[in-house]
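In: Kindly generate the corresponding structure for this input.
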Amino acid sequence: MRLLVVTQYFWPENFRINDLVAELVGRGHHVTVLTGHPNYPAGEFFSEFLEAPENFNQYAGADVVRVRHTARGKGGVRLMLNYLTFALSATCGGLWKLRGRDFDAVFCYEPSPITVGLPAAALRAVKKAPLAFWVLDLWPETLHAIGVVKSPAILSAVGKLVSFIYKRCDLILAQSRAFVPNIVKYAGSSARVEYFPSWAESVFDMAGVAPAVEMQSDTSTFTVMFAGNVGDAQDFPAILAAAEMLKGNRAIRWVIVGDGRLSGWLAEQVVARGLSECFILLGRYPVERMSSFFKHADALLVSLKDEPIFSMTIPGKLQSYLAAGIPLLAMLNGEGADVVRQARAGLTCGAGDHEGLANAVLAMASMTPSERSAMGKNGLEASAAQFSREGLISQLEQWLAEIQSHPSATQQRLKNDNACYRK
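Out: Numbering: from 1, shown residues only. Below is the predicted model of the structure:
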């Protein structure tokens, strides 16, 4: 198939869409990616991209088409500008840069923001190709949960935008089962919504991986590792509160591999709370390096804030953690915590429960190596059974072929959409 992938984030930024694109190309599909200039999560355009942007126009055999936009920067205003300028540029510039190209299907990747759906919907209409939309973040609920938007009027307007986009999709993919009712609320009861979770990239196969040289191995300590985005949703205040409860225990250390909007704040708080002796902040590394850092971990930490919207979410890192075969510490509510408990792959506590997290760390640290190894093995089995990369991407191929071959009621509205875009 000739596939167009629309995504605000793409290589050299670390997102699962990179792995999906590479796999689709490997399976013989002709893939074009419409994306922006890399600037996540630090908020500034990558220096290596600015120095030689021509080096970033191909990825794993896919053609990468990039459009200009404002960098994320710091603060809410810059972030909103980043979202809006990409949506505008990808719609107008994307239509221009992709002129003359035909596609069998459009696939849109939406970890956030929802505005990435605007250029996807425009391209669906103009190219007369069905649109599959992968929802990994629910708007407007997430905006409210992390405090970015508090105005009911603005949240209502965003809800109308969500409905506009969803109703122009031929297939909507939900990253968790709990997402489905919310999506249907905005998309309408006739929408086709399928459960499609994330998977672990193949780089998380731990066999033959050497421990990262950036860290010192220390068998006398119990290492709790967090890998990924350091942002509002991950509830670092609760993680720090748990670390404060345990800071007298020198046998426990906390390692953060990643960065994000709260990286500076986190570094300041580690010093202010007297946690420098037990915290290691390593910063961001490519996803291909993560398994080497995991080699130092006794437990992998996943957390989300205590908000209703996040109880519906399966954090993307959860699948990678399970595939690493290392026991999990999950400070989560809802579906993500259920995955860990049902798999017997680690210990859980409620979202925001710093005391529960501290107790879980102590409980896991007191376990024997064989007990922790059994949890890790359970995680591997759950990863293979529920989040198989091979199986999930094969299912996606089947769905894309179906919406291409069997026009839906949504596709029948393409002529009307085209008329709207011409006005």
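In: what's the burial count for Glu335?
Out: Residues near Glu335, counting by other Cβ atoms under 10 Å, number 20. Placement of C-beta: from N, CA and C, glycine included.
In: Surely it touches Ile314?
Out: Yes. At 5.5 Å, Glu335 and Ile314 qualify as touching, with contact defined as Cβ atoms under 8 Å.
In: which residues do the two both contact?
Out: Common neighbours of Glu335 and Ile314, counting by Cβ atoms under 8 Å, 6 or more residues apart in numbering, are Ser176.
In: Run through the protein and note the low-pLDDT ranges.
Out: Low-confidence segments of the chain, defined by pLDDT under 70: 203, 407-423.
In: Strands of that one, residue ranges please.
Out: Defined through DSSP state E, the strands belonging to the chain, from first to last, are 2-7, 30-35, 58-59, 62-66, 105-110, 131-135, 171-174, 193-195, 222-227, 252-257, 279-283, 299-303, 328-331, 346-349.
In: which parts of the second one are buried?
Out: Within strand 30-35, the residues that qualify as buried by neighbour count (16 or more other Cβ atoms under 10 Å) are Val31, Thr32, Val33, Leu34, Thr35.
In: Just the angle for it relative to strand 62-66, thanks.
Out: Computed with axes from the mean of the first three to the mean of the last three Cα atoms, to 10 degrees, the direction of strand 30-35 lies at 20 degrees from that of strand 62-66.
In: Touching strand 30-35 from outside, list them.
Out: For strand 30-35, the external contacting residues (Cβ under 8 Å, 6+ apart) are 1-10, 21, 24-25, 59, 61-67, 90, 94, 97-98, 101, 103, 119, 123.
In: which parts of the longest helix seen in the chain are buried?
Out: Under DSSP state H, the helix in the chain containing the largest number of residues is helix 76-97. Of the residues in helix 76-97, those buried under the neighbour-count criterion (16+ other Cβ under 10 Å) are 79-83, 85-87, 89-91, 93-95.
In: Report the backbone C-alpha coordinates of that helix in PDB.
Out: In PDB, the C-alpha atoms belonging to helix 76-97 read as follows (Å, rounded to 0.1, in the frame of the first residue of the first chain):
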ATOM      1  CA  GLY A  76       2.000  27.200  27.900                       C
ATOM      2  CA  VAL A  77       1.700  30.000  25.300                       C
ATOM      3  CA  ARG A  78       4.700  28.700  23.300                       C
ATOM      4  CA  LEU A  79       3.300  25.100  23.500                       C
ATOM      5  CA  MET A  80      -0.100  26.200  22.100                       C
ATOM      6  CA  LEU A  81       1.700  28.100  19.300                       C
ATOM      7  CA  ASN A  82       3.700  25.000  18.600                       C
ATOM      8  CA  TYR A  83       0.500  23.000  18.200                       C
ATOM      9  CA  LEU A  84      -1.300  25.600  16.100                       C
ATOM     10  CA  THR A  85       1.500  26.500  13.800                       C
ATOM     11  CA  PHE A  86       2.200  22.800  13.000                       C
ATOM     12  CA  ALA A  87      -1.400  22.200  12.300                       C
ATOM     13  CA  LEU A  88      -1.600  25.200   9.900                       C
ATOM     14  CA  SER A  89       1.700  24.500   8.300                       C
ATOM     15  CA  ALA A  90       1.100  20.800   7.800                       C
ATOM     16  CA  THR A  91      -2.300  21.500   6.300                       C
ATOM     17  CA  CYS A  92      -1.300  24.200   3.900                       C
ATOM     18  CA  GLY A  93       2.400  23.300   3.300                       C
ATOM     19  CA  GLY A  94       1.600  19.600   3.400                       C
ATOM     20  CA  LEU A  95      -1.000  19.800   0.700                       C
ATOM     21  CA  TRP A  96       1.500  21.800  -1.400                       C
ATOM     22  CA  LYS A  97       4.500  19.500  -0.800                       C
END
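In: Which neighbouring elements make contact with that helix?
Out: Counting by 3 or more Cβ pairs under 8 Å, 6 or more residues apart in numbering; DSSP states H and E, the packing neighbours recorded for helix 76-97 are strand 30-35, helix 117-127.
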